[in-house]
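1. My questions are about this predicted structure, shown below with the sequence.
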Amino acid sequence: MSMLVVNLASIALLVIILKKLEPKYQILFMILYWIKYILLIFDCVYRKLPLTSADFMVFHEFANELLEQVDNVFQVWIVDSEVDLFIRFIAFIYGIFSNNITQIYFYIFLTSMIVVWGVYLLAFEMTSNKKVSKIVIFILMLMPVQIMYSITYLREMHLQLFLVFAIYFLVKYIKKNRLWYVFGSIFFSMLCSATHSGMIVSVIVVVMTIFLYDSKQKKIRFNLIKLFVLGIGFIILTQTPLWNQIAGRFSDINSLSDVVDKTSSTVVANTTYTTLKAENNLQFILYTPYKAILFALSPLPWHIKGISGFITWVIDAVPKAFILFYVAKYFIFYKPNENSYDAVYKQIFFILLILFYCVYGNGTEAYGTALRHRVKVLPLELILMTTYLSSPHYNGRFKIRYEKEKKC
């Protein structure tokens, strides 16, 4: 029953997305969809695809342990436990249907399709350009690392989904200035953080933007009164039961490495790219840019040890370097009008990505883990890249002709 529902939902999403595409692109998108589906079946049976790991057994065991602690399956969402939201989700599915590992793979696949739809909505909301929005989702569907994590028993697709919709509602709030979008953005950013501790950066950026955004002037403005209100609100939050749930995700954390790797992780041997550790605050500040760059680009050619490292370099590190090159050009050369939504988006994404790479750069030492964490922000980076390639500030070989649309 579970598998039937998930497959029908995936096909329904496929139909919804296809309706946004011209007939000549519908066939290509369907081919990409069915290629991923065939790989999904293969991974369910053999679990030998590259970039996957044995971490699914960790999640499986934690979910079963959580089920043993409750009398009712619905209690998995509220029982006092340090496990993340993804494990609670798995436990809920096991409790409702059956303790079947295979069904989770199909739920991940469904989540990946929701991500594609969400990325289309976000790209269009930011650019008002259907062509850019379509290009973004085609690139996303073609990225090898995205394909792998769309069909394996890991939480990366859930994190992508929560982050994409947190930013989508934040963009809607910036444009419409309605309270509903505030709640939507905060809600999804908190789901993101509850799924992985390191994604607390999304909550920080969302909350700061909401408090500091001036809708009349279309600017992020630092206001002492708003910052004071934000501080008071935080103090009040720490006195509520909700804070116990949030703080539980950060218990037993002594360093950024603990934040990034709160759940046990199986890392492929010989993938360590740095052993540099800060012994004091000054070293922490000095090492952070270096470690962030290594995290973003690893494995570099001299890090490669064996065929698995070479495969990772070809299908992830090289495309990632290409994407980050144009993301950097977006931040440097893309010059929207000062009082415009685009200028606000640029500020938000700059802060978000800097925080993300600094936090994960300091908490990650192996490229086997780095590539998994980097995929969390891949959809956002693709949107920034294509935004720049479609802008008047770029006239190179990858130029995307800008086409305004009235509605999505």
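-> Looks like it arrived, so ask away. Residues are numbered from 1 along each chain as shown.

2. which other residues reach the helix or strand encompassing Val182?
-> When elements are assigned from DSSP states H and E, Val182 belongs to helix 179-195. Outside helix 179-195, the residues within contact range by Cβ atoms under 8 Å, 6 or more residues apart in numbering are 84-86, 155, 158-159, 162-163, 165-167, 169-170, 172-173, 199-200, 202-203, 205-207, 210, 245-246, 249. All C-beta spots, glycine's among them, are computed from the backbone N, C-alpha and C.

3. Quick one: list the elements packing against the very next helix or strand once past that helix.
-> Scanning forward in sequence from helix 179-195 by DSSP H and E, the next helix or strand is helix 200-212. Applying 3 or more Cβ pairs under 8 Å, 6 or more residues apart in numbering; DSSP states H and E, one finds that helix 200-212 makes contact with helix 156-176, helix 179-195, helix 224-237, helix 341-363.

4. Give the partner strands of the very next helix or strand once past helix 200-212 in its sheet and their orientations.
-> Following helix 200-212 in sequence order, the next helix or strand is strand 213-214 (DSSP H and E). If you go by DSSP bridges, strand 213-214 pairs up with strand 219-220 (antiparallel).

5. who touches the strand it pairs with?
-> For strand 219-220, the external contacting residues (Cβ under 8 Å, 6+ apart) are 209, 212-214, 338-339, 343-344, 347-348.

6. Of the residues you listed, which pair is most distant in space?
-> Maximum pairwise distance in these, criterion Cβ to Cβ, is 17.2 Å, between Thr209 and Glu338.

7. Give me the residue ranges of this structure where confidence is low.
-> 1, 47-54, 223, 226, 237-271, 274-275, 401-408 (pLDDT under 70).

8. Show me where the stretch 301-408 of the chain has its helices.
-> Under the criterion DSSP state H, counting those that start in this stretch, helices of the stretch 301-408 of the chain are mapped to 307-312, 318-333, 341-363, 367-374, 378-389.

9. Just the C-alpha atoms of the helix holding Val182, please, in CSV.
-> Output in CSV follows, covering the C-alpha atoms of helix 179-195 (Å, rounded to 0.1, in the frame of the first residue of the first chain):
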residue,chain,number,x,y,z
LEU,A,179,2.5,37.3,7.7
TRP,A,180,1.6,33.9,6.2
TYR,A,181,4.9,33.7,4.3
VAL,A,182,6.8,34.6,7.5
PHE,A,183,5.4,31.5,9.2
GLY,A,184,6.0,29.4,6.2
SER,A,185,9.6,30.4,6.0
ILE,A,186,10.4,30.0,9.7
PHE,A,187,8.5,26.7,9.7
PHE,A,188,10.5,25.1,6.9
SER,A,189,13.8,26.5,8.2
MET,A,190,13.2,25.0,11.6
LEU,A,191,12.3,21.6,9.9
CYS,A,192,15.7,22.0,8.1
SER,A,193,17.5,22.5,11.4
ALA,A,194,15.6,19.7,13.1
THR,A,195,16.8,17.4,10.4
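
10. and it with helix 156-176, angle?
-> 160 degrees (axes from the mean of the first three to the mean of the last three Cα atoms, to 10 degrees).

11. wait, Ser391 sits on Tyr334?
-> Yes - with contact defined as Cβ atoms under 8 Å, Ser391 counts as touching Tyr334 (5.6 Å).

12. Could you give the separation of stretch 173-193 from the chain centroid?
-> Distance, stretch centre to chain centre, for stretch 173-193: 16 Å (Cα atoms, centre = their mean, to the nearest Å).

13. one step back: more crowded one of Thr209 and Glu338?
-> Neighbour totals were compared for Thr209 and Glu338, and Thr209 leads with 22 against 9 (other Cβ atoms under 10 Å).

14. Enumerate the positions of whichever strand or helix holds Cys44 that are buried.
-> Here Cys44, judged by DSSP H and E, is contained in helix 23-46. By neighbour count with 16 or more other Cβ atoms under 10 Å, helix 23-46 contains the buried residues 29, 32-33, 36-37, 39-40, 43-44.

15. before we move on, back to that, and the contacts of strand 219-220, which of them are buried?
-> 209, 212-213, 343-344, 347-348.

16. which outside residues touch stretch 117-132?
-> 13, 16-17, 20, 133-134, 136-137, 140, 161, 164-165, 167-168, 171-172, 175, 342, 345, 379, 382-383, 386-387, 390, 400-405, 408.

17. hmm, 6 Å instead?
-> Residues outside stretch 117-132 that contact it (Cβ atoms under 6 Å, 6 or more residues apart in numbering): 13, 17, 133, 136-137, 140, 164-165, 168, 171, 345, 379, 383, 386-387, 390, 403-405, 408.

18. Which among those residues count as buried?
-> Among these, those classed as buried by 16+ other Cβ under 10 Å are 13, 17, 133, 136-137, 140, 164-165, 168, 171, 345, 379, 383, 386-387, 390.

19. now, among these, which is nearest to Ala370?
-> Using Cβ to Cβ, Pro379 is the member of the buried ones among the contacts of stretch 117-132 that lies nearest Ala370, at 17.5 Å.

20. Run through the residues that contact that closest one.
-> Pro379 sits next to 119, 160, 164 when contact means Cβ under 6 Å, 6+ apart.

21. Can you tell me the closest non-neighbouring residue to Tyr357?
-> With sequence-adjacent residues excluded and distances taken as Cβ to Cβ, 6 or more residues apart in numbering, Tyr357 is closest to Ala292, at 4.2 Å.

22. give me the number of residues near that neighbour?
-> By other Cβ under 10 Å, 20 other residues sit near Ala292.

23. Make 735 the starting number, not 1.
-> Shifting the count to begin at 735 puts that one at Ala1026.

24. Enumerate every residue touching it.
-> Ala1026 makes contact with 1091-1092, 1095, according to Cβ under 6 Å, 6+ apart.

25. Next, Phe956: secondary structure please.
-> Assigned by DSSP: H, G, I helix; E, B strand; the rest coil, the conformation of Phe956 is coil.
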